[in-house]
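*Asks:* could you work out the structure for the sequence below:
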Amino acid sequence: MKKVTESLPNLDESCFKVPQQSAFEPRQVSTHPPRILMLYGSLRERSYSKLLTLEAARLLEAMGAEVKVFNPLDLPQPDSVPDTHPKVKELRDLAAWSEGMVWCSPERHGAMTGIMKSQIDWIPLSVGAVRPTQGKTLAVMEVSGGSQSFNAVNQMRILGRWMRMITIPNQSSVAKAFLEFEGDGRMKPSAYYDRVVDVMEELVKFTLLTRDISPYLVDRYSERKESSEDLSKRVNQKAL
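*Replies:* Numbering: from 1, shown residues only. Modelled structure (predicted):
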């Protein structure tokens with residue numbers, strides 16, 4: 001029988017693999033709770049992105065997840081300090097710990113906030129040949145002061161793809177957020193609240209589905225052709 005690769009002269013046969021259904025059956029199934037890191041994008045005393053994040057955190061915990069919320073206060077601007085800075089190290093350690101993330105930003109001037117982007121920028125695409133975000137799940141949410149918009153969540157989706165994350169299909173966008181929370185910070189019953197429940201439920205499902213097979217999902221032909229040392233050099237080029 002003629003090999004499939006004989007008609008594909010540009011392929012490196014030693015690195016070519018046919019996807020197999022059996023590879024989606026993990027050798028060992030994790031039994032610990034899904035580990036979720038949550039980031040929010042505002043430092044205001046009454047931050048609606050923080051309140052929405054905390055509400056989502058309660059839902060995730062009710063669904064059996066282990067949740068950690070990063071406080072962006074005192075996080076320096078990207079590249080302004082060494083990555084050994086305590087706040088930077090805290091964020092990076094949490095990113096490495098997590099199996100999934102939730103990013104929640106206000107929409108400001110039609111975009112996510114600089115505070116949100118700074119947190120994402122501090123998470124490296126790679127540490128050596130290891131990518132801290134690759135293959136992990138991601139849910140995105142935003143709050144708006146006015147009518148509903150999707151600019152921030154759409155931008156965060158682009159970033160999630162760039163960070164090689166599995167961004168779930170559902171998302172949350174809460175319009176006129178100042179009307180959606182009680183004085184004690186709890187979210188009021190509404191269609192917006194129901195959507196947040198949907199998003200967190202979907203995040204937990206995708207995390208449970210993919211966390212044990214994410215190494216297989218992100219195993220790529222192009223990177224199999226490249227040695228670990230060469231890959232590290234390519235993705236960690238130092239600025240001149």
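
*Asks:* you'd agree residue 70 is up against residue 90?
*Replies:* Yes - contact criterion Cβ atoms under 8 Å: residue 70 and residue 90 qualify, at 7.2 Å. Using the backbone N, CA and C atoms, a C-beta is placed for each residue, glycine as well.

*Asks:* so for those two, which sits in the more crowded spot?
*Replies:* residue 70 (19 against 14; other Cβ atoms under 10 Å).

*Asks:* part of a strand, is residue 140?
*Replies:* Yes - assignment of residue 140 by DSSP: H, G, I helix; E, B strand; the rest coil places it within a strand.

*Asks:* doesn't residue 79 belong to a helix?
*Replies:* No - read with three-state DSSP, residue 79 is coil and lies in no helix.

*Asks:* quick one: contacts for the residue nearest the centre of the chain?
*Replies:* Taking Cα atoms, centre = their mean, the centroid of the chain lies closest to residue 138, which sits 3.7 Å from it. Applying Cβ atoms under 8 Å, 6 or more residues apart in numbering to residue 138 gives the contacts 100, 101, 102, 103, 160, 163, 165, 166, 167, 168.

*Asks:* from the residues you listed, which one has the minimum pLDDT?
*Replies:* Lowest pLDDT among the contacts of residue 138: residue 163, with 91.

*Asks:* for the residue nearest to that residue when sequence neighbours are not counted, grab the count of nearby residues.
*Replies:* Distances taken as Cβ to Cβ, 6 or more residues apart in numbering put residue 133 closest to residue 163, at 4.1 Å, once the chain neighbours are dropped. Residues contacting residue 133 under the criterion other Cβ under 10 Å number 22.

*Asks:* distance check, residue 133 against residue 101.
*Replies:* Note on residue 133: its distance to residue 101, by Cβ to Cβ, to the nearest Å, is 8 Å.

*Asks:* what's the overlap in contacts for these two?
*Replies:* Common neighbours of residue 133 and residue 101 (Cβ under 8 Å, 6+ apart) are 95, 165.

*Asks:* in the helix or strand harbouring residue 69, what's buried?
*Replies:* Following DSSP states H and E, one finds residue 69 within strand 66-70. Neighbour-count burial for strand 66-70 flags 67, 69, 70 (criterion: 16 or more other Cβ atoms under 10 Å).

*Asks:* swap in stretch 210-222?
*Replies:* 210, 211, 212, 213, 214, 218.

*Asks:* likewise stretch 165-174?
*Replies:* 165, 166, 167, 168, 170, 171, 172, 173, 174.

*Asks:* want to throw the residues you listed into a markdown table with secondary structure?
*Replies:* Listed next are the buried residues of stretch 165-174 as a markdown table, based on three-state DSSP:
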| residue | secondary structure |
| --- | --- |
| 165 | coil |
| 166 | strand |
| 167 | strand |
| 168 | coil |
| 170 | coil |
| 171 | coil |
| 172 | strand |
| 173 | strand |
| 174 | strand |
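
*Asks:* between those, which is nearest residue 16?
*Replies:* residue 166 (23.9 Å; Cβ to Cβ).

*Asks:* which one is that closest one nearest to, not counting chain neighbours?
*Replies:* Closest to residue 166 by Cβ to Cβ, 6+ apart is residue 137, at 4.9 Å.

*Asks:* tell me, how many residues neighbour the one you found?
*Replies:* Neighbours of residue 137 under the rule other Cβ under 10 Å: 27.

*Asks:* how much space between it and residue 170?
*Replies:* Going from residue 137 to residue 170 by Cβ to Cβ gives 12 Å.

*Asks:* with residue 73 instead?
*Replies:* 29 Å.

*Asks:* can I get the buried residues of strand 66-70 in TSV including distance to residue 61?
*Replies:* Listed next are those as TSV, based on distance: Cβ to Cβ, whole Å:
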residue	distance to residue 61
67	6
69	11
70	16
